[in-house]
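>>> Coordinates for the following, if possible.
(one chain, ligands or ions: 1)
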Amino acid sequence: MTGGRVLWAVIVALFVGFAVAGPVIMVRDAARADQPVTTAPGGEIVVVMTDLQFRPATLQVPAGATVLWSNQDVAPHTVTSASEDSGFIDPGASFTVTVDEPFAYACTLHPSMTGVIEVT
Ligand SMILES: [Cu+2]
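Modelled structure (predicted):
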């Protein structure tokens, strides 16, 4: 095998692994309630990305609030909507948005990961 083919095989293996692990993790955690809303030291309101879910999936914030998505999962995720695109947020990394209008979003890598920001 050439180096390129080995790399491609690794990529395919990882993709298949996540595709199989995702539904298993989702079923395992289906009964778990959303975590309570937490605030980061800088005052940001935190959405945790864990177990292929946004927690809380629905978050109400006042206009002008800053929301911070913290990836505490083992896979990269995105926060993608019509108005926002985080790009890949690696495990351990985060992404912030100052919210003026409500929006629904999803992870482009895991389309079952969805969330909503509501403005109160
Ligand atoms: Cu994702």
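>>> tally of neighbours for the residue nearest to Pro62 when sequence neighbours are not counted?
Excluding the flanking residues, the one nearest Pro62 by Cβ to Cβ, 6 or more residues apart in numbering is Thr120, at 5.6 Å. Heads up, the C-betas are built off the backbone N, CA and C, glycines and all. Thr120: 8 surrounding residues under other Cβ atoms under 10 Å.
>>> How about Ala63?
11.
>>> how close does it sit to the ion?
As judged by Cβ to the ion, to the nearest Å, Ala63 and the ion stand 27 Å apart.
>>> hang on, isn't Trp69 packed against Phe54?
Yes. With contact defined as Cβ atoms under 8 Å, Trp69 and Phe54 form a contacting pair (7.4 Å).
>>> Next, show the common contact partners of these two.
Val47, Val48 (Cβ atoms under 8 Å, 6 or more residues apart in numbering).
>>> The residue nearest to Met113 when sequence neighbours are not counted: what's it in contact with?
Distances taken as Cβ to Cβ, 6+ apart place Cys107 nearest to Met113, at 3.9 Å, with adjacent residues excluded. Cys107 makes contacts with Met49, Phe54, His77, Thr78, Val79, Thr80, Met113, Thr114, as judged by Cβ under 8 Å, 6+ apart.
>>> among those, which are in strands?
Among the contacts of Cys107, DSSP state E puts Met49, Phe54, Thr114 in strands.
>>> Stretch 57-71 spans what distance, first to last residue?
From its first residue to its last, stretch 57-71 covers 14 Å (Cα to Cα, to the nearest Å).
>>> Check stretch 47-58 too.
OK, stretch 47-58 end separation, Cα to Cα: 9 Å.
>>> Buried residues in it, which are they?
Buried residues in stretch 47-58, counted by 16 or more other Cβ atoms under 10 Å: Val47, Val48, Met49, Thr50, Asp51, Leu52, Gln53, Phe54, Arg55, Pro56.
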